[in-house]
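# Let's see this in three dimensions:
(chains A and B)
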Amino acid sequence: MTDVEERLRRIRGGGEGKRHNARTISALTSNPGCTRRAVADLAGVDKLALSRHVGFPGQFGQSPFAITRGQQFEAQVKADGCAELITLLREHLMLSLPEVSYEDLNDVGGNTDNRLRHLETRNKLGRRDEPGTLFDHPMLTLDVAGRQVFLEPDLIAFQVKGKFHIVEIKSFAVIDGQADGAKVAAAAIQSAVYVLALRDLVTAQGMSPDDVSHNVILVTPKDFSNRPMVTFVDVRKQLTVLRRQLSRLTRVEELLDLVPDGLSLSLDNDPHDVTFDLGSIEARYMPQCLNTCELARFCRHEAQGSTYAMGRTVTEELGGVQTVTDVLDLARGVLPPTPEQAEAAALLRLAWSIRRESLGNAA
Amino acid sequence: MTTLTSVARVEAYALGRAVPIATRRHLQVSDRPLVFVPLGMAGEANAPLACLVGDTPASPTLLVVPQPRNRDLRFAFAAQLADVVLSYVDSFTTAMDLVKDKAVFTDAPQLVVANPAAVEFTRLLGRSTRFRRADGPYPVDPAVPLLGRWLTWFADATERPGSSVTIALTDALAQIWATGQSALEDANLAALMGWIEPWDGLTGQQAAAQAEDPALWPPAGPATDPDFDERVLAGLIKSYDLASDGDERTRAEATIAAALRSQLEPTWRLMWRAVELLRSVEPASTVERRWLRDRQTFTTQVEYWRDGGAPQPRVDHAVRAAQRLAWLERDLDEFTVERALDDPLAMAEYRLSGEAFVGRVISVDATRVDTSGKRRKPRPLVVLATRDPVRLEPGTTVRSAARPGQDCRVISVAPLPAAPAEPANGAAPDVFVPMAVTLELVSGMGRALTPAPGSVPEVDDELCYSALVTNAGVQPKFPSREETPWTHGGPPVSPEVDLPTVDDAVEDWS
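Next up, the predicted model:
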């Protein structure tokens, strides 16, 4: 354990390390085969700073307007002990909630230590005697690659009559009952991360995992206004995906076996050395990484000349041939295919010849 | 993504330049499109920040909302935009043609935006303005709700396959060219254009890499560059908010306008260049017919609203939704087939999958007669030799674009006993197995027992046959709204349920 922690510490170059959040976990599980991302995340590396250090700055800036809007909306919903949220829950969930208390778990008597807060969260959430409680900022943990990680407590757990719901406050608008599909999908998978973590917690407390509902309460602005509305989002599908992907992650010990001893991604090291070390961890680049991973541009550069840099489906459509040169040579018939390539080569030659012929017809 | 486009991407990568994946354009490009580059404020549902709009490259109109969170300023923007859009639309409602005894406007408006996100922005801007009212509480300029109707109409048109009313350029260009990068990266208009027409002697890769730098190429919108928001815009909007008098406010507004113009102009120029590029590709033969349908839709819409028709509802009711779906399916069917028949590169997809083939006629039995039935029928047999991987089942009906109206039945597909000639380019025989396809002609030969002259293919004719046929079947009948079956929610409770209400007009627009 300590050996693992020590190596992770060396990889990140000392310091506390970045905490996981629902977003990083869902990004991690969107590409579970990528050792580079798994190692960097488990070590708590600041990937954005790292990407700048090696000369491929990721573009993950958020507009100050968006940040302000998000904060304002959240503050509005949470104001006065979540008064607005409680009204919504009463009205829309047909719940009779005579009294709903609000408890902020942001610190334990001024102490913000992760472990302490996690203990406090466990104690508080284990009590089920109250009619309804909103727990703000509970500190949850999740087992990622065989290692317990703390989750950024960016959520509210709503307990009513012993049953928990995750409440997600998002500032994207739901207009006429419809919202941006990508944003809803992202919110759903992030909520699923919290459902999973909360289920782990209640099970450890001797409760049933079903005590945490798979229906997540999504709070968003309604239409073009600032008025909040509530939507139930069923995240059962996301939970299945998440569980499967998390189980596919290689365990941290095995991951570290894949990484050369003494490797360090410390920002104090010379960029050339870091580039070399980063390159020696295997990556699995795909274009979607550009939306989810700060290191994507580095990996994209490295993947130049491969067919998968144009998309995993492109590689599939080309019969699994990995490089541009091989595709062209097989298609033109100048490279004798290996037995495994025979089928792909036949397809490529047909495609090439039909393409040339059709282009010729057009001229 | 198909094998052929993937091969084209590889080719483009190796060349350092985009390559064609279509030999024709399958959309109409107007002589005078309305190019619209909207920018929205980050984080807001649909808060317009600025736009460049106009139908000539040289004189765009710049509209700016100096404080997008201010409701009055937003509606002032909408009223100004309405001026431009409505006079553009109106300019198409003067001359009419007679088509099948019905008067149709001679041309239709065309909205050109950079990408699908801009279409979405247009749709939401339409949604947030079309239910406003010029009277009652929160009155707006009477042009604002009309703007909303037309923006909604433009946005809805993108759902109709084959419609050219609204063009999202990244989509339109990607239909014609394949780049050496991923489809995801093609969504950046500047990067895509960098592959199609690299500038300054760069390769496609290099141009696309430059295009990804928002400092060199501001994003095509509607989302702005977060860095620009932080470094420039946030401060300017703050100065506007803090302005102590009218003069200071006017100056602050002018500074904001100049900053936003600098973000918009590169995209504006790029978009007009993209329009020119699309125009330079030869249109497919069916483009005009599909554009006629767009003109008809436009005419119907103008007449409907002139006669006092209501704006588009928030959500379609069940019957209308089902009807619309049926139309979209029909249009998609038709468009898919027409595109393949019009364009050898589109047809190539079907040849590769075995649903179509190109072959040379090697024997013809023109006098064959089917005597099995009551009436003797001419049923000539035609055998074609092909190297395509034909996967057509015997009994399938096929047609050739070169011989419209002639149905043929596939009798057999078998390896050619003796290949007429080995492929000249030295292709290995294991890949290109020459096949003989025997077809029976079943129609398009005149009424006599002997086929009419020229109605049967001749030896050495090169023909492309495919199983692609337009499904011109009967459209399903739909009940009236009042007879909505219970499976679909039953008849509407109130006939007015999807009409705008006074509540819509006063709806918050924060």
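# what about stretch A:318-329, near chain B?
Yes: contact of stretch A:318-329 with chain B (C-beta under 8 Å from any C-beta of the partner chain) involves A:318, A:324-325, A:327-328. C-betas here are computed from N, CA, C, even on glycine.
# May I have that stretch as PDB, with CA atoms only?
The C-alpha coordinates for stretch A:318-329 follow below in PDB (Å, rounded to 0.1, in the frame of the first residue of the first chain):
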ATOM      1  CA  LEU A 318     -10.500  -0.300 -42.900                       C
ATOM      2  CA  GLY A 319     -10.500  -3.900 -41.600                       C
ATOM      3  CA  GLY A 320      -8.500  -3.000 -38.500                       C
ATOM      4  CA  VAL A 321      -5.400  -1.800 -40.400                       C
ATOM      5  CA  GLN A 322      -3.600   0.600 -38.000                       C
ATOM      6  CA  THR A 323      -1.400   2.800 -40.200                       C
ATOM      7  CA  VAL A 324      -2.100   5.100 -43.200                       C
ATOM      8  CA  THR A 325       0.900   3.700 -45.000                       C
ATOM      9  CA  ASP A 326      -0.300   0.100 -44.700                       C
ATOM     10  CA  VAL A 327      -3.800   1.000 -45.800                       C
ATOM     11  CA  LEU A 328      -2.500   2.700 -48.900                       C
ATOM     12  CA  ASP A 329       0.000   0.000 -49.800                       C
END
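# what's in contact with it?
A:305-308, A:315, A:330, A:335, A:341, A:343-345, A:347-348, B:3, B:6-7, B:10-11, B:13-14 (C-beta atoms under 8 Å, 6 or more residues apart in numbering or on different chains).
# can you pull the contacts of the closest residue to residue A:13 other than its chain neighbours?
Leaving aside its chain neighbours, residue A:13 sits nearest to residue A:266 (2.3 Å; criterion: C-beta to C-beta, 6 or more residues apart in numbering or on different chains). By C-beta under 8 Å, 6+ apart, residue A:266 lies in contact with A:10, A:12-14, A:274.
# Secondary structure of residue A:266: a strand, I assume?
No: counting by DSSP: H, G, I helix; E, B strand; the rest coil, residue A:266 is not found in a strand; it is coil.
# measure it to residue A:52 for me?
The gap separating residue A:266 from residue A:52 is 14 Å, by C-beta to C-beta, to the nearest Å.
# gap between stretch B:40-57 and the chain center?
22 Å (C-alpha atoms, centre = their mean, to the nearest Å).
# what distance separates the start and the end of that stretch?
Distance between the two ends of stretch B:40-57: 22 Å, counting by C-alpha to C-alpha, to the nearest Å.
# List the buried residues for that stretch?
Using 16 or more other C-beta atoms under 10 Å in any protein chain shown as the test for burial, stretch B:40-57 gives B:40-55.
# Sitting in strands, which of the residues you listed do you find?
Cross-referencing the buried residues of stretch B:40-57 against strands under DSSP state E gives B:40, B:48-54.
# Give me the buried positions along stretch B:240-250.
Neighbour counts using 16+ other C-beta under 10 Å place B:240, B:243, B:249 of stretch B:240-250 among the buried residues.
# Name the nearest residue to residue B:229, sequence neighbours excluded.
The shortest distance from residue B:229 to any non-neighbouring residue, by C-beta to C-beta, 6+ apart, is to residue A:63 (4.0 Å).
# quick one: the one you found and residue B:43 touch, right?
Yes: proximity of residue A:63 to residue B:43 meets the contact threshold set by C-beta atoms under 8 Å, at 6.5 Å.
# Which two of the buried residues of stretch B:40-57 have the greatest separation?
Spatially, the most separated pair among the buried residues of stretch B:40-57 is B:43 and B:55, at 31.6 Å (C-beta to C-beta).
# Give the buried residues for the host helix or strand of residue B:122.
Using DSSP states H and E, residue B:122 falls within helix B:116-129. In terms of neighbour count (16+ other C-beta under 10 Å), helix B:116-129 has its buried residues at B:117-129.
# before we move on, what about stretch B:401-410?
B:401, B:403, B:406, B:408-410.
# Which member of these is positioned nearest chain A?
residue B:401 (11.8 Å; C-beta to the nearest C-beta).
# And the pLDDT for the closest one?
The score at residue B:401 is 86. That number is its pLDDT.
# which residues sit in contact with residue A:222?
With contacts defined as C-beta under 8 Å, 6+ apart, residue A:222 is in contact with A:173-174, A:228-229.
# what does residue B:60 give?
The neighbourhood of residue B:60, defined by C-beta under 8 Å, 6+ apart, consists of B:35, B:52-54, B:268.
# can you rerun that using 10 Å?
Taking C-beta atoms under 10 Å, 6 or more residues apart in numbering or on different chains, we find residue B:60 in contact with B:35-37, B:51-54, B:84, B:261, B:264-265, B:268-269, B:272.
# What of residue B:354?
Under the criterion of C-beta under 10 Å, 6+ apart, the contact list for residue B:354 reads B:388-392, B:413, B:467.
# For the nearest residue to it once chain neighbours are set aside, grab phi and psi.
Excluding its sequence neighbours, the residue lying closest to residue B:354 (C-beta to C-beta, 6+ apart) is residue B:391, at 2.8 Å. Dihedral pair for residue B:391: phi -130, psi 60, per degrees, to the nearest 10.
# what does residue A:135 give?
Main-chain torsions, residue A:135, degrees, to the nearest 10: phi -100, psi 110.
# Just grab the bridge partners of it for me.
Counting by DSSP bridges, residue A:135 is bridged to residue A:103, residue A:157.
# quick one: the strands in the stretch 251-400 of chain B?
Ranges of strands in the stretch 251-400 of chain B, per DSSP state E, counting those that start in this stretch, are B:356-365, B:369-370, B:377-378, B:381-386, B:397-400.
# For the second one, name the packing helices and strands.
It stands for strand B:369-370. strand B:377-378 (3 or more C-beta pairs under 10 Å, 6 or more residues apart in numbering or on different chains; DSSP states H and E).
# Run through the neighbouring helices and strands of the strand it packs on.
Secondary elements touching strand B:377-378 (3+ C-beta pairs under 10 Å, 6+ apart): strand B:369-370.
# Assign the spatially closest residue to residue B:35 that is not a sequence neighbour to helix, strand or coil.
Closest residue to residue B:35 apart from its sequence neighbours, by C-beta to C-beta, 6+ apart: residue B:112 at 4.8 Å. Using three-state DSSP, the structure places residue B:112 in strand.
# Which secondary structure state does residue A:239 sit in?
Assigned state for residue A:239: helix (three-state reduction, three-state DSSP).
# Run through the residues that contact the closest residue in space to it that isn't next to it in sequence.
Residue nearest to residue A:239 in three dimensions, not counting chain neighbours: residue A:192, with 5.0 Å by C-beta to C-beta, 6+ apart. By C-beta under 10 Å, 6+ apart, the contact list for residue A:192 reads A:22, A:25-26, A:29, A:166, A:214, A:216, A:233, A:235-243.
# could you redo the last one with a cut-off of 8 Å?
Per C-beta under 8 Å, 6+ apart, neighbours of residue A:192: A:26, A:216, A:235, A:238-239, A:241-242.
# shaky segments in the chain?
By default, I'm working from chain A. A:1-2, A:93-98, A:128-131, A:361-363 (pLDDT under 70).
# think we crossed wires, I meant chain B
Within chain B, the ranges that satisfy pLDDT under 70 run B:1, B:418-431, B:471-474, B:494-510.
# before we move on, the earlier item: and which of the contacts of residue A:266 is nearest to residue B:456?
Nearest to residue B:456 among the contacts of residue A:266, with distances taken as C-beta to C-beta, is residue A:274, at 73.4 Å.
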